[in-house]
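Visitor: only geometry, no sequence info:
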């Protein structure tokens, strides 16, 4: 074996050197991104890593995820013996036997069994990819290469262990039932033959193991290295907002180059396995639009590798720093070509967050899309034509439609509504929002809420003509400058009127006031009307005397559910209005709810493609045979009403805000 | 491209002067002035009073601001004082006007915008308002025509009220490009000195008017909604909405000529055409070489657009919504548009349902329109639609639902079935105007 050992030593040294070199280069690529602090609360990060990377909690949410879980843990359990294997290749006497014969025997036993299970799991994966491949998994050779490598590793493992057992070179045959079974296959060989075959298997195992190590960084299986830290560095909560922009001379306003992302964004790009779960959940992709969240991340990776390698090749290899601001990169981040994100894809996003909810490794897609939109809007002034009036109206008249700001309190004309005066604060500010103030359909919702609040004897009021747009759509569409001005102005206004608690009926206003405004120093208690009404019902402040008999299906708004984890309160409210009967659930509900299409500025942009997101969702709601669709968002309301009309179901299906159902049940 | 330097010389810079110490006023506060001086131009004597080193002083006044006892002041050399006096001399606009020879500028001009020899109606509308201005001023009304093979427009210009036509007919002006049109306009205006120049606020007009005004160093009021003459001083009063339409601003151009204004199409009434009217024709030539123009027109790709889609400039729009029930029913909307001579619009619902192409869409994410008459058929009037049409002069709405929000903005609301109301209406309009014939968009 001396010659063999020299050959192995050379192979081993080359492989490890290449592997370490690759690791270093990946690290250097990460360092091209901007700094972002993700090193806080390390204990929680460690827990997240254990739960989501090692526990694979998000991976096993689908049934094939369990298959991945098995392969992952098979691998982990084999780490010890594979290290022993590699070390023993250099120093033949090395063995973990010093641990004691029973622990070592157990190690062999577990690995033996796991290897078989992994072979089965690999077979399942291959069969699924060949015969039952879902649309969101691409048919690519990369996956088969890795799967075959794993299978060969396992087979070779059994091979050389079986040989060892046959040649009686091991005292642990009893601990390796599967290998012992294979040992029978050596019966017909001569001793030399068996020895040679064992050596053959050994070399196969050694070769594939080292090849595997160096194939990883070049394939989508890079995630084996990056996904674990990505779970460690994940955001603690759902990415509810996007980082603010510092408006200063010399800064960039939005990202047009891959190096303008933070290192965590770049780690996100590297962590994608192209599992396609985001794609399967994406409303834009599901309605045939160019946007595919998986592609955005994948393109990010390709773009980083292409531009990053170019940057790295032009400087000393011990430099670990971001490139200069004004660097020109060969491959544009936004544009045409396979390493660039198309403009249309960026405008297709409704920021519904389904991708981020689905991603097993916590990739944050939406903030990246918003950063690129910011570049288009603020640096290039390049956006869908129809947004021009939206932007102008929002900036000049503080509502999306350009209606006179003095008309904002018109809806209160025949109602008992207190318009808050300076120096006379009330407990709750009801932030009516633009659609509540101007949209005739939402005015009915606002009227219902007025009735509920008044019946409950709540101390509440509105800002009337002093109220302004919350700026949600502006922010998601990338018009950060106008958004920031509006946000700061609103916060100042709220303070001037002595506001501490704010109720909204719009999840977009809710999330914006609650999550986005806190970046600018706001600390108001923000309450969604579903929470408030639920509380009023529970406290007995409002009495529901009637029961609504309609079969009612409930729709979860993205910015209420996924963004703010409010699922129970709207259901409680509807259940109360239905006299204790829980609403019908759609197949895609709660965390997996399907967007109505209006979020992220979708309300103000024409959808691309032939299919409409709202039509898709409305069909799903109508298919439950419900006669009422309960929503808790004015955007969803508009979208569902359009969808119902399109399906010609106006006579059979009505769309109601949860507050309207309660007001009905109060009569 | 021709040089774009303005034609007037630059004013000298306003002098800053230097500072001096006012003897006896210092209270020896310490070294406030010395510390404040960014140029080390202040030294201190034994009494703690400032000594100002004039060579270093730039007149930045930082020391004056920090001095607690106003012991430092600015002074100017006589030369500087002269420049300053010039700066602060009360502006006598009449005198400036006189020195600039403003009284030499006479007459009202209207730019005749044409594409492929076809004049834009805004030009004739401007001749209408120009007529009134010229009459008030007692001067001639002239049209100026630029283009290639555009002689036939002369007669048209006279017909719509021009007394005189200035024309440059040259191949270089065939298709609109800024440099030759700018050159030709400036050349004509400088040569014949009209006091007022009006242009249509179209894509072409906006481009040309801004360029001409910049080159001539004169004012331009864009998108005017009213043009009148102030009889006291013969100035053009240019009225336009300001601050998002909340106030109307009247703008005067007192010290520069010509007084330039642009007006959007359909704001001014088009005058009656008078056949056989004649006037004086002044033909000029352009001295510009094709080689000096960087912009070349390679190809003109027309947007495939029939008249029924030109929504922003349509005077009458008939729109259909989801209340039309099915795409095959849209012939009613199209027929009504046809008999009324209007364009066809629709709501987002009709587009989303695939009944009409998006170019017809009126509303937030479609076109914003302001026709004389907006006829909404089976449109409920969601806010997204209303914001695109609610400023129309007259709105007629037909809808089954009497609570539909469209009725909040409609001047005339008809609660009823479009399929009962539209056919007899179309029939009646056809009967009133037999030339229209019986042709229908209805699929046979």
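Guide: Cool, the structure landed. This one's a predicted model, so the numbers in the text were calculated from it and none came from an experiment.

Visitor: How about the residues of the stretch 401-550 of chain A by chain B?
Guide: By the rule CB under 8 Å from any CB of the partner chain, the part of the stretch 401-550 of chain A lying against chain B is A:401-403, A:435, A:438-441. Using the backbone N, CA and C atoms, a C-beta is placed for each residue, glycine as well.

Visitor: any idea whether the residue lying closest to residue A:378 once chain neighbours are set aside is helix, strand or coil?
Guide: In space, and not counting its chain neighbours, residue A:378 is closest to residue A:253: 4.1 Å by CB to CB, 6 or more residues apart in numbering or on different chains. Secondary structure, DSSP: H, G, I helix; E, B strand; the rest coil: residue A:253 is coil.

Visitor: contacting residues for residue A:253?
Guide: Shown in contact with residue A:253 (CB atoms under 8 Å, 6 or more residues apart in numbering or on different chains): A:245, A:247, A:374-375, A:378-379, A:480-481.

Visitor: and the two most separated of those?
Guide: A:247 and A:375 (14.2 Å; CB to CB).

Visitor: Which one of these two is surrounded by more residues?
Guide: Per other CB atoms under 10 Å in any protein chain shown, whichever of residue A:247 and residue A:375 has more neighbours is residue A:375, with 21 against 12.

Visitor: Return the distance of stretch A:244-251 from the chain's centre.
Guide: How far stretch A:244-251 lies from its chain's middle: 27 Å, per CA atoms, centre = their mean, to the nearest Å.

Visitor: Any idea how far apart the tips of it sit?
Guide: 12 Å (CA to CA, to the nearest Å).

Visitor: Counting neighbours, which bits of it end up buried?
Guide: residue A:245 (16 or more other CB atoms under 10 Å in any protein chain shown).

Visitor: contacts for that stretch?
Guide: A:253-254, A:325, A:374, A:378, A:480-481, A:484, A:519-520.

Visitor: Let's see which of those residues end up in strands.
Guide: Among these, none falls in strands (DSSP state E).

Visitor: What subset of the residues you listed is buried?
Guide: Buried among these by 16+ other CB under 10 Å: A:253-254, A:374, A:378, A:480-481, A:484.

Visitor: which residues touch the residue of the stretch 1-150 of chain B found nearest chain A?
Guide: In the stretch 1-150 of chain B, the residue that lies nearest chain A is residue B:38 (21.3 Å; CB to the nearest CB). Residue B:38 sits next to B:60, B:62 when contact means CB under 8 Å, 6+ apart.

Visitor: How about the contacts made by the closest residue to residue A:194 other than its chain neighbours?
Guide: Once flanking residues are discounted, residue A:194 sits nearest to residue A:186: 4.8 Å by CB to CB, 6+ apart. Counting by CB under 8 Å, 6+ apart, residue A:186 makes contact with A:162-163, A:166-167, A:194, A:197.

Visitor: all strands for chain A, in order.
Guide: Going by DSSP E, chain A shows strands at A:428-431, A:460-461, A:501-504, A:525-528, A:552-554, A:584-585, A:628-631, A:654-657.

Visitor: what's the spacing between residue A:17 and residue A:219?
Guide: Between residue A:17 and residue A:219 the distance is 19 Å, computed by CB to CB, to the nearest Å.

Visitor: Looking only at neighbour counts, state which of these two leads.
Guide: Per other CB under 10 Å, whichever of residue A:17 and residue A:219 has more neighbours is residue A:219, with 16 against 11.

Visitor: picking that back up, look at the residue nearest to residue A:378 and report its pLDDT.
Guide: Note on residue A:253: pLDDT of 95.

Visitor: ok, now the one 4 residues further on?
Guide: For residue A:257, the pLDDT comes out at 95.

Visitor: wait, doesn't it sit right on residue A:326?
Guide: No. Under the criterion of CB atoms under 8 Å, residue A:257 makes no contact with residue A:326, lying 9.9 Å away.

Visitor: What is the longest helix seen in chain B packed up against?
Guide: Ranked by residue count and defined by DSSP state H, the top helix of chain B is helix B:121-137. Helices and strands touching helix B:121-137, by 3 or more CB pairs under 8 Å, 6 or more residues apart in numbering or on different chains; DSSP states H and E, are strand B:108-112, strand B:141-147, strand B:196-200, strand B:226-230, strand B:259-263.

Visitor: Mind listing what's buried along that helix?
Guide: B:121-134, B:137.

Visitor: Show which residue of the chain lies farthest from the average position.
Guide: By default, I'm working from chain A. Each residue of chain A has a distance to the centre, and by CA atoms, centre = their mean the biggest one is for residue A:190: 57.7 Å.

Visitor: The chain in question should be chain B.
Guide: Most remote from the centre of chain B, using CA atoms, centre = their mean: residue B:46, at 66.3 Å.

Visitor: center of the chain - which residue?
Guide: All of this refers to chain A. Closest-to-mean residue, chain A, CA atoms, centre = their mean: residue A:356 / 0.9 Å.

Visitor: Next up, the contacts around the nearest residue to residue A:337 once chain neighbours are set aside.
Guide: Spatial nearest neighbour of residue A:337, chain neighbours left out: residue A:331 (7.2 Å); criterion: CB to CB, 6+ apart. Residue A:331 makes contact with A:303, A:306-307, A:337, A:339-340 under the criterion CB under 8 Å, 6+ apart.

Visitor: Could you rerun that using 6 Å?
Guide: A:303, A:306-307, A:339 (CB atoms under 6 Å, 6 or more residues apart in numbering or on different chains).

Visitor: what's the most buried one of the strands of chain A?
Guide: strand A:628-631 (a mean of 28; mean count of other CB atoms under 10 Å in any protein chain shown).

Visitor: List the neighbouring strands of it plus their orientation.
Guide: strand A:552-554 (parallel), strand A:654-657 (parallel) (DSSP bridges).

Visitor: Which stretches in the stretch 251-400 of chain B count as helices?
Guide: For the stretch 251-400 of chain B, the helices defined by DSSP state H, counting those that start in this stretch occupy B:331-340, B:348-352, B:383-389.

Visitor: Over to the stretch 551-667 of chain A?
Guide: A:568-577, A:613-622, A:634-646, A:658-666.

Visitor: For chain B, which of the ones you listed is the nearest?
Guide: Of the helices of the stretch 551-667 of chain A, nearest to chain B by CB to the nearest CB is helix A:634-646, at 5.1 Å.

Visitor: which residues are contacting the closest one?
Guide: A:435, A:442, A:506, A:555, A:557, A:596-598, A:603, A:614-615, A:618, A:629, A:631, A:650, A:653, A:655, B:322, B:353.

Visitor: Point out the residues in chain A that sit beside chain B.
Guide: Taking CB under 6 Å from any CB of the partner chain, the part of chain A that reaches chain B is made up of A:386, A:396, A:401, A:438-440, A:606, A:612, A:645-646.

Visitor: could you redo the last one with a cut-off of 7 Å?
Guide: Within chain A, the positions near chain B by CB under 7 Å from any CB of the partner chain are A:386, A:389, A:396-397, A:401-402, A:438-440, A:604-606, A:612, A:638, A:642, A:645-646.

Visitor: Now a PyMOL select for only the buried ones of those.
Guide: To isolate the buried members of the residues of chain A next to chain B in PyMOL, using 16+ other CB under 10 Å:
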select buried, chain A and resi 386+389+397+401+402+438+439+440+604+605+606+612+638+642+645+646
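
Visitor: what about the helix or strand of chain B with the lowest mean pLDDT, distance to the chain center?
Guide: The helix or strand of chain B with the poorest confidence is helix B:93-99; it has a mean of 74 (mean pLDDT, DSSP states H and E). Between the centre of helix B:93-99 and the centre of its chain there are 27 Å (CA atoms, centre = their mean).
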